[in-house]
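*Asks:* Have a look; sequence and predicted model below, questions after that.
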Amino acid sequence: MFRLTLAACLLAVSLAAVANPKTPNQIIDAVIERANAKIKALGWDVMKNIQNGGTQFNLQVSDSQSGSSTAKKTFNITNADMTGLGSLHRSKSGQFLNSNTVLKGSLRLTNARAKADYKLVFPGSGSAAPASTSTGSVTEKADKLFVDFEFNLDANKVPQSIKSWTVRSGRDGLEASSGLPTDGSGNIDVAGIRNSLLQVMKNTLNTNIKVQVNSAIQDWKTQASG
């Protein structure tokens, strides 16, 4: 089994796409096809290594002597990867704005997953909440991730650039996990981990996928002016 080169992928797109896309949906679909070809050529349709990093979230601690206080847990991830990036599709019908100079629409990814190894560190807060460290692996699944966008168009309705790009999520949940503590803080840990991994996935759409969509637009722009 072999992987198509970028040139071959783009050739396949040019044969499959509408010859002269002019309607909002035709233009969006043509951009998506070109972007998906680039994603596939990079191997991201199978898996992409994604940002490692860390975050902190609060834990409310109650002590009979000192009362309630807030302590912080630190969550770090390593060996992180994301799947589902090859499922880029149009989410809904697009529309022209500003006398056909702007195209507004939405993209979506389905069944995206972020997998990572993690380390969860709690420094402790008095006798009621001793220090602890947990390690394991987690998988966060987003049934749908959306991008609401606007593309600038020229007089011939050829996309020129990305005017706006906003990522939002649909339903998500922690699909698998190991090593989470069983000291009663598990629900708080799960909420913090879910939020952290979901943000990493959204950041991937805000950076890597946005770059590929913009590259697809620039290729089309260059082709149209040639």
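*Replies:* That came through fine.
*Asks:* where does Thr133 land in three-state SS?
*Replies:* Following DSSP: H, G, I helix; E, B strand; the rest coil, Thr133 is assigned to strand.
*Asks:* Who are the contact partners of it?
*Replies:* Lys119, Leu120, Val121, Phe122 (CB atoms under 8 Å, 6 or more residues apart in numbering). C-beta coordinates here come from the backbone N, C-alpha and C atoms, glycine included.
*Asks:* Now do the helices in the protein.
*Replies:* 6-16, 24-41, 186-204, 210-225 (DSSP state H).
*Asks:* among those, which is the most enclosed?
*Replies:* helix 24-41 (a mean of 21; mean count of other CB atoms under 10 Å).
*Asks:* Most neighbours out of the contacts of Thr133, which is it?
*Replies:* Neighbour counts for the contacts of Thr133, by other CB atoms under 10 Å, peak at Leu120, which reaches 23 neighbours.
*Asks:* quick revisit: Serialize the helices of the chain to TSV and add fields for distance to Lys141 and mean pLDDT.
*Replies:* Output for the helices of the chain, formatted as TSV (distance: least, CB to CB, whole Å; pLDDT from 0 to 100):
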stretch	distance to Lys141	mean pLDDT
helix 6-16	27	45
helix 24-41	19	97
helix 186-204	9	84
helix 210-225	22	96
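*Asks:* Out of these, which gets nearest to Lys104?
*Replies:* Lys104 sits nearest to helix 24-41 of all the helices of the chain, at 8.0 Å, using CB to CB.
*Asks:* quick one: Asp29 from Trp165, how far?
*Replies:* 18 Å (CB to CB, to the nearest Å).
*Asks:* Could I get the average pLDDT for stretch 102-110?
*Replies:* Averaged over stretch 102-110, pLDDT sits at 97.
*Asks:* Using CSV, list the CA coordinates for that stretch.
*Replies:* The C-alpha trace of stretch 102-110 is given here as CSV (Å, rounded to 0.1, in the frame of the first residue of the first chain):
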residue,chain,number,x,y,z
VAL,A,102,-17.3,37.2,1.4
LEU,A,103,-18.3,33.5,1.8
LYS,A,104,-19.7,32.4,5.2
GLY,A,105,-19.9,28.7,6.2
SER,A,106,-19.0,26.0,8.6
LEU,A,107,-16.7,22.9,8.5
ARG,A,108,-16.8,19.9,10.8
LEU,A,109,-14.7,17.0,12.0
THR,A,110,-16.5,13.9,13.2
